[in-house]
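Visitor: Sequence and predicted structure below; questions after.
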Amino acid sequence: MNIRAIKTEDDYNLALKRLEEIFHAPIESPDGDEAEVLSILIEKYEDEHYPIESPDPIEAILYRMQQMDMSQKDLADVIGYKSRVSEILNRKRKLNISMIRKLHDKLNIPYESLIANY
């Protein structure tokens with residue numbers, strides 16, 4: 001096992017290639033240990049160099065509605081009035097703190113996604 005920090009794109013590509021080679025190694029083996037360490041290093045490099053931005057609140061709500069097969073009427077049952085839901089989804093009205101709490105509690109949308117600017 002010859003593991004080192006991933007500092008460059010070449011290091012990253014080599015680490016990915018090596019991980020692909022040992023990915024299915026048994027967990028309690030030297031290759032399994034190497035795969036675990038490599039995956040941590042790769043994840044750290046990707047977080048720093050290829051960050052994924054959080055969706056804006058409306059995108060998060062729409063995505064969760066799709067996952068739960070919800071309609072606008074269903075969402076109105078969560079945050080109130082169908083016309084208000086329409087205004088929010090069309091970005092004509094901002095979410096208030098009460099709506100954010102209800103969306104988090106009932107749809108399990110992270111607060112971080114709901115309080116972001118949009």
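Guide: Arrived safely. What you are looking at is a predicted structure, and each value in this text was computed from that prediction instead of being measured.

Visitor: In this structure Ile42 contacts Asn13, no?
Guide: No: applying C-beta atoms under 8 Å as the test, Ile42 and Asn13 come out as separate, 10.3 Å apart. To be clear about C-beta, it is placed using only N, CA and C from the backbone, and glycine gets the same treatment.

Visitor: between those two, who's got more neighbours?
Guide: Legend: neighbour count by other C-beta atoms under 10 Å for Ile42 and Asn13, higher for Ile42 (17 against 11).

Visitor: Give the buried residues for the helix or strand the more buried one falls within.
Guide: According to DSSP states H and E, Ile42 maps onto helix 30-49. Within helix 30-49, the residues scored as buried using 16 or more other C-beta atoms under 10 Å are Asp31, Glu34, Ala35, Leu38, Leu41, Ile42, Tyr45.

Visitor: Now do the same for Tyr118: its pLDDT.
Guide: On pLDDT, Tyr118 comes in at 85.

Visitor: Equivalent analysis for Tyr111, please.
Guide: On the pLDDT scale, Tyr111 is placed at 94.

Visitor: Quick check: the closest residue to Lys106 other than its chain neighbours vs Leu62, distance?
Guide: Once flanking residues are discounted, Lys106 sits nearest to Val78: 5.0 Å by C-beta to C-beta, 6 or more residues apart in numbering. Between Val78 and Leu62 the distance is 14 Å, computed by C-beta to C-beta, to the nearest Å.

Visitor: mind giving me the domain split of the protein?
Guide: Domain ranges of the chain: 9-49, 57-114, per automatic domain parsing.
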